[in-house]
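>>> Here is a sequence together with a model predicted from it:
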There are 2 protein chains.
Amino acid sequence: MANERRGTVTETPRKVRKREPEVLDTAARVFHERGYADATIQDVADALGMLKGSLYYYIDSKEDLLFRLLEQVHDEVDEILTKVMDHEGSPIEVIALYARLLAGYHLSNLVKITVYYHDVDQLSDQRRRLIYSRRRVHEEYVTGLIEAAQRDGTADPSQPARLLVSCVFGVLVWVYRWYRPRGQFRPEAVVDACVAFVLSGLRGDLAALDSGGVTPP
Amino acid sequence: MANERRGTVTETPRKVRKREPEVLDTAARVFHERGYADATIQDVADALGMLKGSLYYYIDSKEDLLFRLLEQVHDEVDEILTKVMDHEGSPIEVIALYARLLAGYHLSNLVKITVYYHDVDQLSDQRRRLIYSRRRVHEEYVTGLIEAAQRDGTADPSQPARLLVSCVFGVLVWVYRWYRPRGQFRPEAVVDACVAFVLSGLRGDLAALDSGGVTPP
């Protein structure tokens, strides 16, 4: 035990920084299990088998850890955005790809995404605004795609794109609240259902409903 | 001030109980503003202009307040459920009514619903299970409607009803995270968009999409 402690206390800022992915994963797990409000830096250090002092080389406060974690989420979803922007296809096809990748990301990162949505408002004003502004980039991009799909006749033009985009994110984000990894459904089935629902939701065409059923293909 | 205090300290349990709606509304506001973890019974009493002792006639702990608040939410959404169950119509029409009433309820009760979803997991195990079991009644009911709609050809039979129902709740619940009462959209417009999205989402019919556009009515 004494040896272990001596081992960890000598970790340099550089060494700790190299462990960043592990530090953030562990912080996410600790915040998720204990609740961000109740969790301490000591809890995170203990879970890492690291001395608190070593962690303080790297961050100044618990809020720093939360902020880095949420920045990491945005770094990762921004990669999705870049990939989607590079995709050649009609607006609705690009939306389909974005929905597929984002739903998949949420399902593969349930702990981190739960902390993201549960605790983003625990950040200081400036940092919260920064995270929100990064989120807005996604909303604006998808809103633009919906508007383009409305113009080319593949999305319902009767609803404002800004409302439709919130419905889309509702479907894609809400998975973090209800999906159970050891439950009945595999992630792929959930992604398929979310993408199908989003595309049909955007497509609209309630006329068919009023006339009493699904229009045959 | 001394007089005011004397006035409130004499409130009997019955009098406090009569103020239940006000107590719960205020608790919701205080939990929302300060965060449930940081809020105290004293904060709620102060916001009510009531002595803490009077509030203790009525509840034993802060968790009691949270639990009553979440029970109240369920009493109210159960009224919606009862109304919807009494509605005569096809399964998809009943879903449409449920979606309309639930989205409207969420939009009219943003503070309470935010506390509900943010803090339900702060309840003790037994109480949390009770709240979750009440929520499950809604999920089961809407799942049954979706299955019936799949059978009568008004909902997409290619996706499991249990996944579709989660997409539906995603759209209807998520409004509490993004809707801003002083923003661009009136609640009625939001309800319309959510209901339209949910109905089209359930309806599916991706064949039309593959063939390149919205099928004319």
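Structure received. Residues are numbered from 1 along each chain as shown, chains lettered A, B, ... in the order given.
>>> Touching whichever strand or helix holds A:Asp119 from outside, list them.
Using DSSP states H and E, A:Asp119 sits within helix A:110-119. Helix A:110-119 is contacted from outside by A:25, A:28-29, A:31-32, A:36, A:66, A:69-70, A:72-73, A:106, A:173, A:176, A:179, A:181, B:118, B:177, using C-beta atoms under 8 Å, 6 or more residues apart in numbering or on different chains. Where you see a C-beta, it was placed from the backbone N, CA and C, and this is true even at glycine.
>>> List only buried entries from those residues.
A:25, A:28-29, A:31-32, A:36, A:66, A:69-70, A:72-73, A:106, A:173, A:176, A:179, B:118, B:177 (16 or more other C-beta atoms under 10 Å in any protein chain shown).
>>> out of the residues you listed, which are inside strands?
In strands, judged by DSSP state E, none of the buried ones among the contacts of helix A:110-119 are found.
>>> can you pull the contacts of A:Trp174?
Contacts for A:Trp174 (C-beta under 8 Å, 6+ apart) come out as B:166-167, B:169-170, B:173-174.
>>> same question for the lengthiest helix in chain A, mean pLDDT?
Ranked by residue count under DSSP state H, the longest helix found in chain A is helix A:125-151. Here helix A:125-151 scores 97 as its mean pLDDT.
>>> Is that helix positioned near chain B?
No: using C-beta under 8 Å from any C-beta of the partner chain, helix A:125-151 never reaches chain B; the gap is at least 8.9 Å.
>>> roughly how far out does that helix sit from the chain middle?
13 Å (C-alpha atoms, centre = their mean, to the nearest Å).
>>> same deal with stretch A:45-56?
That offset, for stretch A:45-56, works out to 26 Å (C-alpha atoms, centre = their mean).
>>> which parts of that stretch are buried?
Under 16+ other C-beta under 10 Å, the buried positions of stretch A:45-56 are A:45, A:47-48, A:50-52, A:54-55.
>>> Turn these into a markdown table, including distance to B:Asp205.
Shown next, in a markdown table, are these (distance: C-beta to C-beta, whole Å):
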| residue | distance to B:Asp205 |
| --- | --- |
| A:Ala45 | 54 |
| A:Ala47 | 48 |
| A:Leu48 | 50 |
| A:Met50 | 54 |
| A:Leu51 | 59 |
| A:Lys52 | 57 |
| A:Ser54 | 57 |
| A:Leu55 | 53 |
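>>> if we take those residues, which one ends up nearest to chain B?
Nearest to chain B among the buried residues of stretch A:45-56 is A:Ala47, at 20.0 Å by C-beta to the nearest C-beta.
>>> Surely the closest one touches A:Thr26?
Yes: using C-beta atoms under 8 Å, A:Ala47 makes contact with A:Thr26 at a distance of 4.9 Å.
>>> Please enumerate the helices of chain A.
Remark: helices assigned in chain A by DSSP H are A:2-9, A:13-18, A:20-34, A:41-48, A:52-56, A:62-85, A:91-108, A:110-119, A:125-151, A:161-178, A:187-203, A:206-210.
>>> Tabulate the ones you listed in a markdown table, adding columns for distance to B:Ile131.
Formatted as a markdown table, the helices of chain A follow (distance: least, C-beta to C-beta, whole Å):
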| stretch | distance to B:Ile131 |
| --- | --- |
| helix A:2-9 | 42 |
| helix A:13-18 | 41 |
| helix A:20-34 | 20 |
| helix A:41-48 | 27 |
| helix A:52-56 | 36 |
| helix A:62-85 | 27 |
| helix A:91-108 | 24 |
| helix A:110-119 | 17 |
| helix A:125-151 | 28 |
| helix A:161-178 | 14 |
| helix A:187-203 | 24 |
| helix A:206-210 | 34 |
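>>> Would you confirm that A:Ser124 contacts A:Ser61?
No: under the criterion of C-beta under 8 Å, A:Ser124 makes no contact with A:Ser61, lying 9.8 Å away.
>>> what residues are up against A:Ala39?
With C-beta under 8 Å, 6+ apart, A:Ala39 has these contacts: A:30-31, A:33, A:62.
>>> From B:Val173, how far off is A:Glu63?
28 Å (C-beta to C-beta, to the nearest Å).
>>> actually A:Val171, not the one I wrote
11 Å.
>>> Over to A:Gly53?
43 Å.
>>> on that earlier part again, quick one, which of the helices of chain A is nearest to B:Ala189?
helix A:161-178 (6.8 Å; C-beta to C-beta).
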